[in-house]
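Peer 1: with the input below, show me the fold.
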Amino acid sequence: MTKKNIAVAMGGYSSEFEISLQSGAVVCEALDKTKYNVFPIHILEEGWFFVAEDDSHHEINRSNFSFIWGDKTIVPDVVFNTIHGTPGEDGYLQAYLELLHIPQTSSGFYQAALSFNKRDCLSVLKNFGIKCANSYFVNQGNDIDASEIIKIVGLPCFVKPNRAGSSFGISKVYTIEELQPAIEKAFKEDSEILIETALVGTEVSVGAYSEHGKIHIFSPTEIVSENDFFDYEAKYLGKSEEITPARISEEITKKVQLEAERIYTLLNMSGVTRSEFIIQKGVPYFIETNTNPGLSKESIIPKQAREAGMTLTQFFSILIEEAVFKAKQP
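Peer 2: Down below sits the predicted model:
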């Protein structure tokens, strides 16, 4: 059997590039070397490179995503996309690879762009009856009427960049005086921000993936943060407890899994996604969905895959084979 050449794309141009490098390293380590030749690809603002085991850097030819390795020119059969943030989670890389007819493991370019833009994603899903928090949108340069914002979303509320991940730039605001500094903090990450009612309830995260077109939903993970909310410290520096499966009733588990499946279907997703919910008074409220969820050792999706009885090697193989399967569909 001829091995497939798998390019594991990692890095990116956002504040999340270091987390993405961790995700990429986990994927490279776990991929089945009997089936795949694995090539770590660093996509960074300073350049795109295949990084060999001896740490030598080999530039990517962007006309066809190829690179020279020894006496061979390698063109990947599949790109395993582990970039968080731009350009791998917002649709740019997906569109580029689609033009080159190279299958990749995450959602399509439109789905990635839509879900990365929290404002637009919420607007679409609300029309389908998905329950979400009250929200208010601000673009950089807009006049800010703090009283009007608080009238709509109430206190406490969250102020977050519209197009960023890993909780960069997010603040929880308790008083009207805290609103302006929180807005300025969020604008450091993005020129568009989203202000939302702070829901009160159990926070859960639900992974979904497709295999030969069939959608599978993982058991929800309950997130218990030591901090005021699930911020960067809680996510990556051990300041949270992530419990899989979540300590919620079977009825609520089914409810939130059904919502995750609906969202995956409504947005026409592919690959693996992770949707976040707050369960308030027994009702799941949708927060956001991630088309390139973290795959580092601390990340939720690897824990959910293991809880479902899969090794990461098995799970990542499913994602690669699904990308190939999807590329063959008319």
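
Peer 1: dump the residue contacts of N5.
Peer 2: Y36, N37, F39, I74, V75, P76, D77, V78 (C-beta atoms under 8 Å, 6 or more residues apart in numbering). Every C-beta, even on glycine, is put in place using the N, C-alpha and C of the backbone.

Peer 1: tell me where the stretch 201-330 of the chain has strands.
Peer 2: 202-211, 214-217, 221-225, 240-243, 272-280, 283-290 (DSSP state E, counting those that start in this stretch).

Peer 1: how about those strands in TSV, adding mean pLDDT?
Peer 2: TSV is the format used below for these (pLDDT from 0 to 100):
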stretch	mean pLDDT
strand 202-211	97
strand 214-217	97
strand 221-225	90
strand 240-243	86
strand 272-280	97
strand 283-290	95
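
Peer 1: by neighbours, which of the contacts of N5 wins?
Peer 2: P76 (26 neighbours; other C-beta atoms under 10 Å).

Peer 1: excluding sequence neighbours, find me the nearest residue to it.
Peer 2: Take P76 and drop its neighbours on the chain: the residue closest to it by C-beta to C-beta, 6 or more residues apart in numbering is A7, 3.8 Å away.

Peer 1: go on, I60?
Peer 2: W48 (3.9 Å).

Peer 1: now swap in V153 and tell me
Peer 2: Nearest to V153 is T197, by C-beta to C-beta, 6+ apart, at 4.7 Å.

Peer 1: surely the one you found touches S135?
Peer 2: Yes - at 7.5 Å, T197 counts as touching S135 under the criterion of C-beta atoms under 8 Å.

Peer 1: alpha carbons only: can I get the helix or strand where V8 lies in CSV?
Peer 2: Assigned by DSSP states H and E, V8 falls within strand 4-11. Taking Å, rounded to 0.1, in the frame of the first residue of the first chain, the C-alpha atoms of strand 4-11 are listed here in CSV:
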residue,chain,number,x,y,z
LYS,A,4,-0.3,9.1,1.7
ASN,A,5,1.7,12.3,2.2
ILE,A,6,0.1,14.2,5.0
ALA,A,7,1.1,17.9,5.5
VAL,A,8,0.2,18.9,9.1
ALA,A,9,-0.4,22.7,8.8
MET,A,10,0.2,24.6,12.1
GLY,A,11,1.0,28.1,13.3
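
Peer 1: that older thread, please name the bridge partners of the residue nearest to P76.
Peer 2: F39, V79 (DSSP bridges).

Peer 1: picking that back up, now the common contact residues for T197 and S135.
Peer 2: V153.

Peer 1: pull out the buried residues from stretch 251-263.
Peer 2: I252, T253, K255, V256, Q257, E259, A260, E261, R262, I263 (16 or more other C-beta atoms under 10 Å).

Peer 1: tell me how far the fifth one lies from N117.
Peer 2: As judged by C-beta to C-beta, to the nearest Å, Q257 and N117 stand 25 Å apart.
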